[in-house]
Structure formats: structure tokens, C-alpha cells
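> I'd like to go over a predicted model; first the sequence, then the structure.
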Amino acid sequence: MPFATPDSPAPRIVLGVAGGIAAYKAVEVLRRLRDAGYHVAPILTPDATRFVAPLTFSALASEPARVGLYDDPELAIPHTTLGQSADLIVVAPATAHLIARFAAGLADDLLTATLMASASPVLLCPAMHTEMWEQPSVQENLATLRRRGVLVLEPERGHLAGGDEGAGRLAEPSTIVEMARRIVAGYRGALTGRRVLVTAGGTREPIDPVRVITNRSSGRQGYAIAEVATRLGASVTLVTTTDRSLAIDVVRRIEVVDVVTAAEMRDRVLELAPSMDVIVMAAAVADFTVDPAPNKLKKAAGPPELALVATPDILVELVGSRRDGQVIVGFAAESTDVIANAQSKFERKGVDVLVVNDVMTPGAGFESTTNEVRLLLRDHDPVTVSMRSKGDVALEVLTRVVALLPQGDQ
Ligand code: CTP
């Protein structure tokens, strides 16, 4: 039970209430959360106050209900104070408008600003008329939010305002409170407390100030691994060569380090590696680089002779200096003799997991949003992961990583 003791204060829940008729049920949610021993701070949107009075919430909550960003003389920046201190934010009811504003990143009232200023888990409990609930815009906004790690408690079927029947009724207050209890008590993902380093994208090796040698890696698989690891609770550092706009759906807590060349990637990765529990080398690192010309090579001088030099193999260096219990994942892009080549790469590199791509398979590997891979694993037979989104492939890879991590030392 989450009752407060001198050593462990009660978990803090921000209860957001948006402007729909189900707002009256939020009073019951509040009462039950208080009965369960939580510290509850209510925030009503201005529209919610048309349905229910802030005074009702203030009378039952652990602190006064808040509505405006600017009305609290004691809290100068209420959204960050509330957002940062919350163990969970529950929004019940979440209207179509609130969901759209949250998905779009708007922060035009205290509730949306608090959602934006928080890295805490969020439980949205939508309630609206069936026609609104079924709108593609509402469903797409929810899909976006889910991808970012927001939890959604689906509405139920039943009587709606105006005598209608259908899907859109707020989940029962007892269900909402039970869900909140589970999140607060068990919000420990399989990688909670672990530090994960992911590399992504193809390195770019300059030939002169204008031209580069690069490859077709889009960085998507690496970004997907970073995103899923974050959702599983890890603290993630992403060393990437590619545009950050790919990370638009990445949950806020990823630390992004930009690099360009194989040498820069090596320096940053080797510097970060000792503090990591897991390292996933999803980047396509150039095997050869060139000493770049200081000025643009001129066409009139004829085809340049490029003296290519081998780059150090970062993965091999990582395996050579790995600390106890660290799990290292490599990738292999193959186009011929995939199984034999991958097996010898697995043995040569000494990694715990090798994610093997046959780049000749349509819809797999470079520049694709889907992937089909074979996982070579230490102490386990190979596993084939059939064609699916790169996010789902990431989950498969990370599930194997979790199984290899030593337990009980987080
Ligand atoms: N890699 C690395 N450092 C390099 C080259 C590759 O750390 N200089 C890593 C990649 O990030 C990937 C793995 O090694 O995780 C395999 O990359 P790949 O290019 O498939 O293997 P190579 O060792 O380069 O072998 P080949 O090109 O002969 O297939």
C-alpha cells in the first residue's frame, strides 16, 4: 500500500481533468486515489471548470486544485514543479481536444504545460462521444502518444451523454485507480536502472571540404533500439551520424551525441563505454577512410587517387576492453553466404548478440522502415525474426539482451 511513512513519502499523482461531461467522475477517481494513500494534486483545464468546480477537488485533494498557469502566487512555475515531482500523471477524462494538444506538443494551459514539463509516466483515460472516439485524427493522435510511451486506458462501451450508447465512456474509476496503482508500484521496465549506449547511422568520411564517402544506412534501426530501450526504462545515450529529426518520437530522456566520421564515433563510444551496461553498435561504420584534401579537388586535375586506410574496428575494441557483465551487440550487413559469413563474423567479433541483415531481402535493412533479421546469440541457438517494424525488431533484440544481463546488480 502506498501509505506515507517518514522514510517513504506517499507517491505523488497529478490528476488532470479535461472539459467533458465525464469530469464529474474525476471526483470519484480523486477520492479513491486519496483513499489508497496517494498524494494527489489536481489540475483542471479551464473548460473542465464548466462541468465541475475546482473547490470540489480542493476539498478532497492533498493540495488545492489548480487551473491557470499564472494564478498561483506561491508556485512561480507550477507546471515544472508539478510535472517534475509527479510519480504519475493521470488524465481523466482526456478529451479529443486534450489528446490532440498533447500529441501536438502544445502547452497552452497548466495541464498541457505540466504534461510537457514532465518525464513521468502518463496514463490517459479518454472519454468522448463514439463519433469523436472513432475519428482517425483521435486514433492517430493516440497512436503517436502510445509510441512515445504514454499509456492509454481505453474507454468502455455504455451510456453516453444525451442518451446515446456506444464506445467512449470513461473507464470505471476503480479501473483507473487500479491501473494507476500498478503503474506506480511496478513502473520498472526490464531495463530500469541500466545504461544503454546505441550507435546509429552511416559514418561520413570526408574526401575534401565538399565530398564524403558514406553508405546507405538510415539510422532507423539504431533509433528504434534507443527508443524501445528508453521505454523499457533504460537511460540511453545515442551516438548518431544522422539527422535528429528521426528522433521526433523518441521519448524525451535520450541523450544524443552527434558525430560524423568513424574516428569521431570511436572516440565518443570508447569514452562512454566503461559506464555502460549494454552497448548496441547499430551504426554502419566505414571500414576505410581517407586523409581529406584541405581544398576542393578540381575536376580538371583528373580522377583523384584516393589512398584508403582501414579504420579501427570499434566493436572489436569494445569487446577487448569490456567490463564484467557488459552486454555487447553487433550488427552484420551481408549480401552473400549470409549464414556462413555471419557466423564467422560472430566468432571473430566476440559479441554477445549479432543482428544479421541480408541486405538483398526487399523490405529489410538499409533505408527501410521494416526489417527481417537473424539473431546469433551467446549460449543460445540462432533466432529468426520475421519481417516487422524496426521498433518490433528492436524489442526482440532487447529482450535477448535483458536475458543476458546479470541480475540483481542494478
Ligand atoms: N563496426 C565497428 N567498427 C568498424 C566497422 C564496423 O564497430 N570500423 C561494427 C558495426 O557497427 C557493426 C559490426 O561492426 O556492428 C559489423 O559491421 P560490418 O560492416 O557488417 O562488418 P565488418 O567487420 O566491417 O565486415 P565486412 O565489411 O567484411 O562484412
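Structure received. Numbers count the residues shown, from 1 in each chain.
> the ligand contacts on the stretch 301-410 of the chain?
Residues of the stretch 301-410 of the chain found near the ligand (Cβ under 6 Å from any ligand atom) are 311, 313, 314, 315, 330, 331, 332, 333, 345. The way it works is simple: take the backbone N, C-alpha and C, and place the C-beta from them, glycine included.
> in JSON lines: these, plus pLDDT, neighbour count and secondary structure.
Listed next are these as JSON lines, based on pLDDT from 0 to 100; neighbours: other Cβ atoms under 10 Å; DSSP: H, G, I helix; E, B strand; the rest coil:
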{"residue": "311", "pLDDT": "98", "neighbour count": "18", "secondary structure": "coil"}
{"residue": "313", "pLDDT": "97", "neighbour count": "18", "secondary structure": "coil"}
{"residue": "314", "pLDDT": "98", "neighbour count": "23", "secondary structure": "helix"}
{"residue": "315", "pLDDT": "97", "neighbour count": "24", "secondary structure": "helix"}
{"residue": "330", "pLDDT": "98", "neighbour count": "26", "secondary structure": "strand"}
{"residue": "331", "pLDDT": "97", "neighbour count": "26", "secondary structure": "strand"}
{"residue": "332", "pLDDT": "97", "neighbour count": "22", "secondary structure": "strand"}
{"residue": "333", "pLDDT": "94", "neighbour count": "20", "secondary structure": "strand"}
{"residue": "345", "pLDDT": "96", "neighbour count": "19", "secondary structure": "helix"}
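> out of those residues, which comes closest to residue 147?
The closest of these to residue 147 turns out to be residue 331 (Cβ to Cβ; 23.0 Å).
> wait, the closest one sits on residue 359?
No. Residue 331 is not in contact with residue 359 according to Cβ atoms under 8 Å; the separation is 11.0 Å.
> and the lengthiest strand in the chain, how far out from the chain middle?
What stands out as the longest strand in the chain, according to DSSP state E, is strand 380-389. Averaging C-alpha positions (Cα atoms, centre = their mean, to the nearest Å) puts strand 380-389 22 Å from its chain's average.
> which strands and helices sit next to that strand?
Strand 380-389 is packed against strand 370-377, helix 390-404, with contacts defined by 3 or more Cβ pairs under 8 Å, 6 or more residues apart in numbering; DSSP states H and E.
> quick one: mean pLDDT for the last one?
Right, helix 390-404. For helix 390-404, the mean pLDDT works out to 92.
> where along the stretch 51-200 of the chain do the helices fall?
Under the criterion DSSP state H, counting those that start in this stretch, helices of the stretch 51-200 of the chain are mapped to 54-60, 78-85, 96-104, 110-116, 130-133, 136-147, 173-186.
> most packed of those helices?
helix 110-116 (a mean of 24; mean count of other Cβ atoms under 10 Å).
> give me the average confidence score over that one.
96.
> and stretch 48-56, by the same measure?
Mean predicted confidence for stretch 48-56 is 97.
> send the alpha carbons of it over as CSV?
Provided in CSV are the C-alpha atoms of stretch 48-56 (Å, rounded to 0.1, in the frame of the first residue of the first chain):
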residue,chain,number,x,y,z
ALA,A,48,-13.3,21.4,-17.0
THR,A,49,-14.4,24.1,-14.6
ARG,A,50,-17.6,24.5,-16.6
PHE,A,51,-18.5,21.0,-15.6
VAL,A,52,-17.0,20.7,-12.1
ALA,A,53,-15.9,23.2,-9.5
PRO,A,54,-12.2,23.4,-8.5
LEU,A,55,-13.5,23.8,-4.9
THR,A,56,-14.8,20.2,-5.0
